[in-house]
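Q: Based on what follows, work out the 3D shape:
(one chain, ligands or ions: 2)
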Amino acid sequence: MRALLDELEALLRETPSAPALALFDRLRESCARTEAHLIEAGNQLLERDAMQLVEAATRDLVQSERDAFFKTSCDLLCVLDDRLCFTQANPSWQTTLGHDPSRLLGTTLVKLIHPDDLERSHEMAARVMAELRVSEFELRVAASGGDWRWISWTATWDPERQRYFGIGRDVTEQRALAKEVAQAQKLEAIGQLAAGVAHEINTPVQFVGDNLVFITDAWRDTMGYLDALETALGSEQREALQLRAQAIDLDYLKREVPTSLSDGHDGLQRVAELVRALKEFSHQDGGSLEPADVNAIIQRSAVLSRGELKHLAELELRLEDVPRVPCLPNALGQVMLNLLVNAAHAIEERSARQRDCPRRIVVQTRVVGSDLAISVSDTGQGIPPAVQERIFEPFFTTKPMGKGTGQGLSLVRAVITQRHKGRISVESTVGQGTTFTLFIPLLATPGLSEAA
Ligand SMILES: Nc1ncnc2c1ncn2[C@@H]1O[C@H](COP(=O)(O)OP(=O)(O)O)[C@@H](O)[C@H]1O
Ligand SMILES: [Mg+2]
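A: Ligands and ions are numbered 1, 2, ... in the order given. Next up, the predicted model:
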């Protein structure tokens, strides 16, 4: 444009005309102003583009950081629609529960929730929607391997997007630990009570026992004296005495009193054994493993469970000469009790349907590789596979209210696998019986505290 102006100026100067030159000057000025405006506008445009670029870059950065947060979080993060179908799931669903997040998309979370928790989960979903945020409700969610994990949830509802945003944390181990602590505290309280009762019973048991021994001896001596007296008496006096003897049935007394004294003695012996077992159980375990005689622990549990088993099953102990193993004697005693009681219940259940069923519980100890194996076999009704998957779950029970608490096997598992670093195997045939085998390492696992 400048070149055109210069050319025009040169032309005007060749044939100068004052008005044309004045007009030209105005034209040049106007051009200069337009040029300035153009430059200014161009600059403004450039500035705006640059700002937009910076904004876009910042947005990308924030987005990618948010994505990284989503991808690297150890918590289960998910976005669900109003029917609880996944629209997003983070990789923690894979690492924590074994579910490929991309396969979860479009499927419903409901399918993964434990049947017993379904009703509550729907209630929770409704509450979240109403209150927009609900935290710390726990539900069991299926892992890909089939076991149930307790997940603690915090969830929010976004009415604009019509989406749930959920954050879940696996608290299965935490719950088990809390339960174990509660159980240990309960055991401790029961232990203290048992120790007190055992102590109180011990004294009367002892003097009743001493008196029984005294009466037995005295009876024997008195009968000897009576026999001697009878021989020493004249026949007339003997006849008079025999009449008295018949009146009190002396022959019967002579036969029966020693038997009843010895029965009394046996009964008292059993009470004494029970008291001893109670006392041993109530010794607090402390937290450390100590080498102990597992056969003796089993024998004590057998004594303690005798009352429960008596009318239901015959108990056979096949205890091999096994080495002492590092263990928690009281906890292991409780484990054996739980297994024995379960076995008795299983036999009771089967015999309700099959009158003549065998009623036998066999407890066996032996060394298997580097473990001490303790097995408890029963001839009970067996465990169907669907139930077998759940028996170690805390609170799982198939027994009626009042009979089952569902705590027995969860304690067994906690004590054996966590405290002793051992393992448990279950073999069961429905209608025939069940064998639980506990494997306890003969040598304490390094890192576990162990009293020398
Ligand atoms: N020896 C067994 N034979 C058959 N079923 C068993 C046996 N032991 C345990 N079970 C099953 O496992 C469930 C859980 O056992 P447990 O944790 O001891 O709780 P509870 O005895 O209070 O029911 C029982 O309800 C029962 O269905
Ligand atoms: Mg039980």
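
Q: how about the strands of the stretch 201-350 of the chain, start to end?
A: Counting by DSSP state E, counting those that start in this stretch, the stretch 201-350 of the chain has strands at residues 290-292, 314-319, 325-327.

Q: Residue ranges in this protein under the pLDDT threshold?
A: The model of the chain has pLDDT under 70 over residues 183-184, 187-188, 191, 277, 279-286, 394, 445-452.

Q: Spell out which residues of it are next to ligand 2.
A: Contact residues (C-beta under 5 Å from the ion) of the chain with ligand 2: 342, 408. C-beta: built from backbone N, CA, C; applies to glycine.

Q: how about the residue of the chain found nearest ligand 1, what does it touch?
A: Residue nearest to ligand 1 within the chain: residue 408 (2.3 Å; C-beta to the nearest ligand atom). Contact analysis of residue 408 by C-beta atoms under 8 Å, 6 or more residues apart in numbering lists 338-339, 341-342.

Q: Just give the nearest non-adjacent residue to the residue nearest the centre of the chain, would you?
A: With distances taken as C-alpha atoms, centre = their mean, residue 176 lies nearest the centre of the chain, 3.8 Å away. In space, and not counting its chain neighbours, residue 176 is closest to residue 414: 6.3 Å by C-beta to C-beta, 6 or more residues apart in numbering.

Q: Relative to residue 407, how far out is that neighbour?
A: Using C-beta to C-beta, to the nearest Å, residue 414 is found at 10 Å from residue 407.

Q: Compare those two (neighbour count), which wins?
A: More neighbours surround residue 414 than the other of residue 414 and residue 407, with 21 against 17 (other C-beta atoms under 10 Å).

Q: Hmm, that one is touching residue 179, no?
A: Yes. Under the criterion of C-beta atoms under 8 Å, residue 414 makes contact with residue 179 at 7.5 Å.

Q: before we move on, back to that, and the strands of the stretch 201-350 of the chain as a markdown table, adding mean neighbour count and distance to residue 241?
A: Shown next, in a markdown table, are those (neighbours: other C-beta atoms under 10 Å; distance: least, C-beta to C-beta, whole Å):
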| stretch | mean neighbour count | distance to residue 241 |
| --- | --- | --- |
| strand 290-292 | 16 | 61 |
| strand 314-319 | 14 | 49 |
| strand 325-327 | 24 | 65 |
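
Q: Any idea which of those gets closest to residue 70?
A: Distance to residue 70, taken as C-beta to C-beta, is lowest for strand 325-327 among the strands of the stretch 201-350 of the chain, at 45.7 Å.

Q: partner strands of the closest one, parallel or antiparallel?
A: strand 290-292 (antiparallel) (DSSP bridges).

Q: which stretches of the stretch 301-450 of the chain form helices?
A: 329-353, 385-388, 408-413 (DSSP state H, counting those that start in this stretch).

Q: Tabulate those helices (JSON lines), appending distance to residue 291.
A: Shown next, in JSON lines, are these (distance: least, C-beta to C-beta, whole Å):
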{"stretch": "helix 329-353", "distance to residue 291": "10"}
{"stretch": "helix 385-388", "distance to residue 291": "33"}
{"stretch": "helix 408-413", "distance to residue 291": "21"}
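
Q: Nearest to residue 170, out of those helices?
A: helix 408-413 (17.5 Å).

Q: CA atoms only for the closest one, dumped as CSV, please.
A: What follows is helix 408-413, C-alpha atoms only, in CSV (Å, rounded to 0.1, in the frame of the first residue of the first chain):
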residue,chain,number,x,y,z
GLY,A,408,-16.6,-70.7,65.5
LEU,A,409,-14.8,-71.3,62.2
SER,A,410,-13.9,-67.7,61.8
LEU,A,411,-12.0,-67.9,65.0
VAL,A,412,-10.5,-71.2,63.9
ARG,A,413,-9.2,-69.5,60.7
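
Q: Give me the longest helix you can find in the chain.
A: Counting residues, the longest helix in the chain under DSSP state H turns out to be helix 172-232.

Q: quick one: that helix to helix 329-353, angle?
A: 80 degrees (axes from the mean of the first three to the mean of the last three C-alpha atoms, to 10 degrees).

Q: quick one: is helix 172-232 near ligand 1?
A: No. Counting by C-beta under 6 Å from any ligand atom, ligand 1 has no neighbours in helix 172-232; the shortest distance is 11.9 Å.

Q: who are the neighbours of that helix, in terms of helices and strands?
A: In terms of contacts (3 or more C-beta pairs under 8 Å, 6 or more residues apart in numbering; DSSP states H and E), helix 172-232 is packed against strand 148-158, helix 250-282, helix 329-353, helix 408-413.

Q: what angle separates the second one from helix 172-232?
A: Translated: helix 250-282. Between helix 250-282 and helix 172-232, the angle comes out at 160 degrees (the same axes, to 10 degrees).

Q: How far off centre is helix 250-282?
A: 42 Å (C-alpha atoms, centre = their mean, to the nearest Å).

Q: Equivalent analysis for stretch 142-159, please.
A: 17 Å.

Q: Which of the strands of the stretch 201-350 of the chain sits closest to residue 208?
A: strand 314-319 (27.1 Å).

Q: Okay, now the sheet partners of that closest one, with direction.
A: When DSSP bridges is applied, strand 314-319 pairs with strand 360-368 (parallel).

Q: Enumerate the positions of the strand it pairs with that are buried.
A: 360-365 (16 or more other C-beta atoms under 10 Å).

Q: Show me which of those residues is closest to ligand 2.
A: Within the buried residues of strand 360-368, proximity to ligand 2 (C-beta to the ion) peaks at residue 361, which comes in at 13.8 Å.

Q: for the closest one, which residues make a bridge with it?
A: residue 315, residue 378.

Q: Residue 169 too?
A: As assigned using DSSP bridges, the partners bridged with residue 169 are residue 152.

Q: I figured it hits residue 151, correct?
A: Yes. Contact between residue 169 and residue 151 holds when scored by C-beta under 8 Å: they sit 6.7 Å apart.

Q: Identify the contacts common to those two.
A: Common neighbours of residue 169 and residue 151, using C-beta under 8 Å, 6+ apart, are residue 76.

Q: more crowded one of these two?
A: residue 151 (24 against 17).

Q: and that one, what is it in contact with?
A: 76, 138-141, 168-171.

Q: how much space is there between it and ligand 2?
A: Shown here: residue 151 relative to ligand 2, a distance of 27 Å by C-beta to the ion, to the nearest Å.

Q: now residue 53
A: 69 Å.

Q: Helix or strand next in line after the host helix or strand of that residue, which one?
A: Per DSSP states H and E, residue 53 falls inside helix 18-72. Counting by DSSP H and E, the next helix or strand C-terminal to helix 18-72 is strand 76-80.

Q: excluding its backbone neighbours, what's nearest residue 427?
A: Per C-beta to C-beta, 6+ apart, closest to residue 427 is residue 435, 4.8 Å.

Q: Kind regards, and thank you for your time.
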